[in-house]
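Engineer: only geometry, no sequence info:
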């Protein structure tokens, strides 16, 4: 695959989630203007921070007049999941120059990880093509996110009440579209159910700690269910050889 | 909010966000993951994304709402069903969003 084909692979894999992201970006911009924030604040945040859900949480905190350290530490907790994505990407970026890894780090969002990472597993991408597809996906999301933020800021000033429409449901649907392809084995179902139940039970915890603890619980349940399954399978295999 | 406050918020958010995303990639050539960590990491996307959306879907106004009057629940169930049976991401998103808006505004 040449460079152009690799970049294109990354963009094509991202298209469904880019479409899902459009209402979300517009909502972010319009919400910022409905809170009376300067248009430049929302635009700069999308360009510099580039973190959808954390930007929403930050807006909510700003509207509540939360102190700056609360806003920054909440951003930290909301985005901690990206550390796990990075841990998973390490093996595919080891050989790349520092500057490439720097840009990949800036662009490490749920959607690009979800679009590009499975393509390594199925063999569509490798050490030579993967980062190009990744950068294509990042660039496509970055352009979409910044354009829709500007559109949202403008339309938020023209159309009041837009933030009440429920546009954030597009994010819910996008995330469901990311989750469902994984649900092919029992450990993944157990991971889903345990994370879902804990997120409801722990919903009252402050500063998004419920989200973080539920994510950890989900990962642990999936991991141990898989260990259990492997042990079971190796036992039955052994018995099969024996008889 | 003053210009200075805005700058501090955006820079602070940038530093923590970029720091989290980049710290492991920066040291990638020196990091080796034990195999059990690799195995556990597979479950991260499902666990994280489920934990983000479940409260949005089941508690859209802060309280549990398991009724058919809840458009978030209907839209999410529709998207989930399409995602499981068809595995086409765009279709999953479009059907989910359509059901949500129909449930919310047409019913």
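Structural biologist: Looks like it came in fine. Predicted model only: the values in this text are computed from it and were never measured. Numbers count the residues shown, from 1 in each chain, chains lettered A, B, ... in the order given.
Engineer: going forward, measure contacts and count neighbours with C-alpha atoms only.
Structural biologist: Noted.
Engineer: scan chain A for its longest helix.
Structural biologist: Criterion DSSP state H: the longest helix present in chain A is helix A:209-242.
Engineer: go on, chain B?
Structural biologist: Ordering each helix of chain B by length in residues (DSSP H) puts helix B:3-26 first.
Engineer: so for it, what gets flagged as buried?
Structural biologist: Within helix B:3-26, the residues scored as buried using 16 or more other Cα atoms under 10 Å in any protein chain shown are B:6, B:9-14, B:16-22, B:24-26.
Engineer: by contact count, what packs against it?
Structural biologist: Applying 3 or more Cα pairs under 8 Å, 6 or more residues apart in numbering or on different chains; DSSP states H and E, we find helix B:3-26 packed against helix A:39-48, helix A:68-79, helix A:81-93, helix A:98-106.
Engineer: nearest to chain B, out of those helices?
Structural biologist: Chain B lies closest to helix A:98-106 among the helices and strands packed on helix B:3-26, at 4.5 Å (Cα to the nearest Cα).
Engineer: and the angle from the closest one to helix A:39-48?
Structural biologist: Angle, helix A:98-106 to helix A:39-48, by axes from the mean of the first three to the mean of the last three Cα atoms, to 10 degrees: 130 degrees.
Engineer: gap between helix A:98-106 and the chain center?
Structural biologist: Chain-centre distance of helix A:98-106: 17 Å, with Cα atoms, centre = their mean, to the nearest Å.
Engineer: which is the next helix or strand following that helix?
Structural biologist: Counting by DSSP states H and E, the element after helix A:98-106 in chain order, helix or strand, is helix A:110-121.
Engineer: before we move on, back to that, now look at the longest helix of chain A and say if it contacts chain B.
Structural biologist: Yes: Helix A:209-242 reaches chain B (Cα under 8 Å from any Cα of the partner chain) through A:211, A:212, A:214, A:215, A:216, A:217, A:218, A:219, A:220, A:222, A:223.
Engineer: buried sites along that helix?
Structural biologist: Residues A:209-226 are the ones in helix A:209-242 that count as buried (16+ other Cα under 10 Å).
Engineer: just stretch A:98-108 next, same as before
Structural biologist: A:98, A:101, A:102, A:104, A:105, A:106, A:107, A:108.
Engineer: in CSV: the residues you listed, plus distance to chain B and pLDDT.
Structural biologist: Formatted as CSV, those follow (distance: Cα to the nearest Cα, whole Å; pLDDT from 0 to 100):
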residue, distance to chain B, pLDDT
A:98, 7, 94
A:101, 6, 95
A:102, 7, 96
A:104, 8, 96
A:105, 4, 96
A:106, 6, 97
A:107, 8, 96
A:108, 6, 96
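Engineer: mean pLDDT per helix and strand in chain B: which one sits at the bottom?
Structural biologist: helix B:35-41 (a mean of 85; mean pLDDT, DSSP states H and E).
Engineer: the next helix or strand along the chain from that one to helix A:81-93, inter-axis angle?
Structural biologist: Under the assignment DSSP H and E, the closest C-terminal helix or strand after helix B:35-41 is helix B:44-58. Helix B:44-58 and helix A:81-93 are oriented at 150 degrees to each other (the same axes, to 10 degrees).
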